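S.K.: Below are the sequence and a predicted model; questions follow.
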Amino acid sequence: MKRYRRSGFLVGVLSLLLVACGPVAVSVAGDSGVQAQPVVAAAEGIALPAEIDAASVADLYDSGEIAVIDVREAWEYEAGHIPGAALIPLGELEERIDEVPRDVPVVLVCRSDNRSGQALSLLRRQGFDNLSNMMGGMLAWEAAGYAIAR
């Protein structure tokens, strides 16, 4: 798992370096005290890092700059999800890949960030590049006190 996170971090950093010609960097520390990767505002829009914290997701989502896809099972989603987040369970993602937007940055979320990390890898293999995994998943979202839809 650590090997995956490190390689995801390196891919994220390299992606940021490639798209960030004159960017403005914004970095927000999450509730865990761990510094999130910077979110970069590039001329074409938002370039997401491989991992992003709940506070950054909340800010970007409220401004309408990103799409959020919940990759948990339907029963988990119904128990509580980010308002307006689309549901595409991880097990259905490959067959429903055409539902993943390519024109806006996408944040993937699950319960803790394991399945959303798997979804990120799967989508990257399918040619998606502006994706991010929400660190801590719905557990972090709820702990921060953000709105939950049921």
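M.R.: Now that the structure is in, tell me what you want to look at.
S.K.: name the helices or strands packed onto the helix or strand encompassing Y77?
M.R.: In this structure, Y77 sits in helix 74-79 according to DSSP states H and E. Here helix 74-79 touches no other helix or strand, going by 3 or more CB pairs under 8 Å, 6 or more residues apart in numbering; DSSP states H and E. Placement of C-beta: from N, CA and C, glycine included.
S.K.: Just the residues contacting that helix, thanks.
M.R.: 70, 85, 87, 89, 111, 150 (CB atoms under 8 Å, 6 or more residues apart in numbering).
S.K.: what about 7 Å?
M.R.: With contacts defined as CB atoms under 7 Å, 6 or more residues apart in numbering, helix 74-79 is touched by 70, 87, 89, 111, 150.
S.K.: List only buried entries from the residues you listed.
M.R.: 70, 87, 89, 111 (16 or more other CB atoms under 10 Å).
S.K.: Quick one: residues contacting the last one.
M.R.: What it means is R111. 72, 76, 137-139.
S.K.: Pipe those into TSV and attach secondary structure and neighbour count per row.
M.R.: Formatted as TSV, the contacts of R111 follow (DSSP: H, G, I helix; E, B strand; the rest coil; neighbours: other CB atoms under 10 Å):
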residue	secondary structure	neighbour count
R72	coil	23
E76	helix	17
G137	helix	23
M138	helix	26
L139	helix	13
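S.K.: that older thread, from the buried ones among the contacts of helix 74-79, which two are the most distant?
M.R.: Greatest spatial distance among those (CB to CB): L87 and R111, at 13.3 Å.
S.K.: Would you mind measuring from the most centrally placed residue in the chain to L60?
M.R.: Most central in the chain under CA atoms, centre = their mean is V107, positioned 2.6 Å from the mean C-alpha point. Noted for V107: a distance of 8 Å to L60, by CB to CB, to the nearest Å.
S.K.: any common contacting residues for the two?
M.R.: Common neighbours of V107 and L60 (CB under 7 Å, 6+ apart) are I66.
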